[in-house]
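Q: I'll drop the sequence and a predicted model, then ask my questions.
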Amino acid sequence: MNIFVLVKRTFDTEEKIVVTGGAIQEDGAEFIINPYDEYAIEEAIQVRDAQGGEVTVVTLGGEDAEKQLRTALAMGADKAVLINTEDDLDELDQFSAAYILAEYLKDKEADLILGGNVAIDGGSGQVGPRVAELLGINYVTTITKLEIDGKTVKIVRDVEGDSEVLEAELPLLVTAQQGLNEPRYPSLPGIMKAKKKPLEELELDDLDIDEDDVKAKTTTVEIYLPAQKVAGRVLEGDLSDQVKELVSLLHSEAKVV
């Protein structure tokens, strides 16, 4: 089975992020594989182990993304591909990312393509479905279970706290939701093997893509941190006095009544 995983390098949102001049400062920031993509990588490895074939992880960006690709290889992926967009494009959006990925995948005869449900730095959840649309294949989002029998795939997907069960046919693109599996940590032997696994680097020219055709259609105007929350107030005294004070505060300060 020919399996591809779409991976994104993202900021580690559990670490301190510094915003200056309406942009996130990358110097000193920690970067990781988008956590939802880790579920996709793990599922791809499990499918390969059960069905045979190989797993290729693909990402867009600069050479800094090699670290995340090597991590995916250490987890158990077979190959990695970096499509270097750093020199040609100042900014990527969902349109440009999907277009480039689809151009790479269009002649790869992929049976199964996996990606994360969303990226924690953007949260749009658009890239996977856009890729599937461009390739003309079926797609299912927010999956929590995947079973493959020949060309038929049985899927359980998360739908706002409930579950939906459906069937689809390969080739197929799915996006992974939390709960699909428990991503493995790279082992020491896996890390050593990853150094010898193939990591291919491509440019837009290698895919016959003109940079004018993939310029971002959206512009990030400003990035800013949420306003610091004010500490709550604890009302004291008799219950009737608390109610009167609460109503007064809702009227004078919160201005909701």
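A: Received it, and whenever you're ready, just let me know what you need. Numbering: from 1, shown residues only.
Q: was I right about Gly62 contacting Asp88?
A: No - at 10.8 Å, Gly62 does not count as touching Asp88 under the criterion of CB atoms under 8 Å. For every residue, glycine as well, the C-beta is placed using N, CA and C.
Q: And those two? Which one has more around it.
A: Neighbours of Gly62 and Asp88, each counted by other CB atoms under 10 Å, are more numerous for Asp88; the result is 15 against 12.
Q: which one is the more buried one nearest to, not counting chain neighbours?
A: The shortest distance from Asp88 to any residue that is not its chain neighbour, by CB to CB, 6 or more residues apart in numbering, is 4.5 Å, and that residue is Glu211.
Q: Please identify which helix or strand holds the nearest residue to Val256 once chain neighbours are set aside.
A: By the measure of CB to CB, 6+ apart, the closest residue to Val256 outside its immediate chain neighbours is Leu250, 5.3 Å from it. Leu250 is part of helix 239-252, with elements assigned from DSSP states H and E.
Q: Also Ile100?
A: When elements are defined using DSSP H and E, Ile100 is found to belong to helix 94-105.
Q: so what pLDDT did the residue nearest to Asp88 get?
A: According to the per-residue confidence, Glu211 scores 88 in pLDDT.
Q: Quick one: the helices in the stretch 151-257 of the chain, in order.
A: Applying DSSP state H, counting those that start in this stretch to the stretch 151-257 of the chain gives helices spanning 188-194, 239-252.
Q: what does the longest one rub up against?
A: Residues from elsewhere that reach helix 239-252, judged by CB atoms under 8 Å, 6 or more residues apart in numbering: Arg233, Leu235, Glu236, Gly237, Val256, Val257.
Q: Asn34: which of the residues you listed is nearest?
A: The shortest approach to Asn34 among the contacts of helix 239-252 belongs to Val256, at 37.7 Å (CB to CB).
Q: Give me the neighbour count for that closest one.
A: Residues near Val256, counting by other CB under 10 Å, number 7.
Q: That one and Leu246, how far apart?
A: From Val256 over to Leu246 the distance is 11 Å, taken as CB to CB, to the nearest Å.
Q: what's the answer for Met75, then?
A: Counting by CB to CB, the gap from Met75 to Leu246 is 53 Å.
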